[in-house]
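Colleague: sequence plus the predicted model coming up.
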Amino acid sequence: MTVVRSTLPDEARRISGEALQDTLVDLLGLSLIGKQAHWNVVGPRFRSVHLQLDEVVSAARTHADTVAERASAIGVPPDGRPGTIAKVFSLPAPAEGWLRDSEAVEVMTDALGAAITRLRERIDATEKADLVTQDLLITITADLEKQRWMFEAENHPGES
């Protein structure tokens with residue numbers, strides 16, 4: 001059943017739809033990683049890491065909603081069901097149990113880095129297919145890079 005017809009040609013819609021769906025999975029998974037770390041982080045930097053994790057979760061959820069709505073707007077039904085996420089999600093995630101603050105920072109730095117790498121591939125893939133989708137992916141990448149930088153700085157307190 002086709003509910004929303006796209007103004008994009010079929011091939012452009014397919015390319016953009018795949019990029020958006022893959023990004024949706026990464027963002028929803030990233031929000032789950034962030035919450036898991038948020039609930040289990042311990043250590044001397046607990047408060048700052050705990051609050052920073054909430055910032056990532058909020059950003060990931062907001063971006064996920066925007067990505068899903070973009071997919072719908074071009075006639076591609078987004079799939080954020082738990083089974084879909086569990087089946088295809090592959091970003092680095094924390095181990096079960098308590099998580100030292102330094103480990104939480106490392107997990108988030110790695111997960112954000114992997115998501116950014118994949119987003120850059122999707123930016124390239126959508127360059128000719130759909131500049132609107134590409135622009136959205138660029139915006140998300142910039143935000144995730146900022147989040148990654150903030151976590152990266154947590155593990156490198158500076159030199160005296």
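Modeller: Structure's in. What do you need? None of the values given here were measured: they were computed from a predicted structure.
Colleague: what sits against the residue minimising distance to the centre of the chain?
Modeller: For the chain, Leu27 is the residue whose C-alpha lies nearest the centre (C-alpha atoms, centre = their mean; 3.0 Å). Leu27 sits next to Ala60, Arg61, His63, Ala64, Val67, Ala115, Ile140 when contact means C-beta atoms under 8 Å, 6 or more residues apart in numbering. C-beta: built from backbone N, CA, C; applies to glycine.
Colleague: Glu106 contacts Glu152, correct?
Modeller: No - applying C-beta atoms under 8 Å, one finds Glu106 not in contact with Glu152, separated by 9.6 Å.
Colleague: in the longest helix belonging to the chain, what counts as buried?
Modeller: Taking DSSP state H as the criterion, the chain has its longest helix at helix 10-40. Buried residues in helix 10-40, counted by 16 or more other C-beta atoms under 10 Å: 12-13, 15-38, 40.
Colleague: pLDDT-wise, which helix or strand of the chain ranks last?
Modeller: helix 82-88 (a mean of 93; mean pLDDT, DSSP states H and E).
Colleague: contact partners of it?
Modeller: Val25, Leu28, Gly29, Leu32.
Colleague: how far is that helix from where the chain is centred?
Modeller: How far helix 82-88 lies from its chain's middle: 15 Å, per C-alpha atoms, centre = their mean, to the nearest Å.
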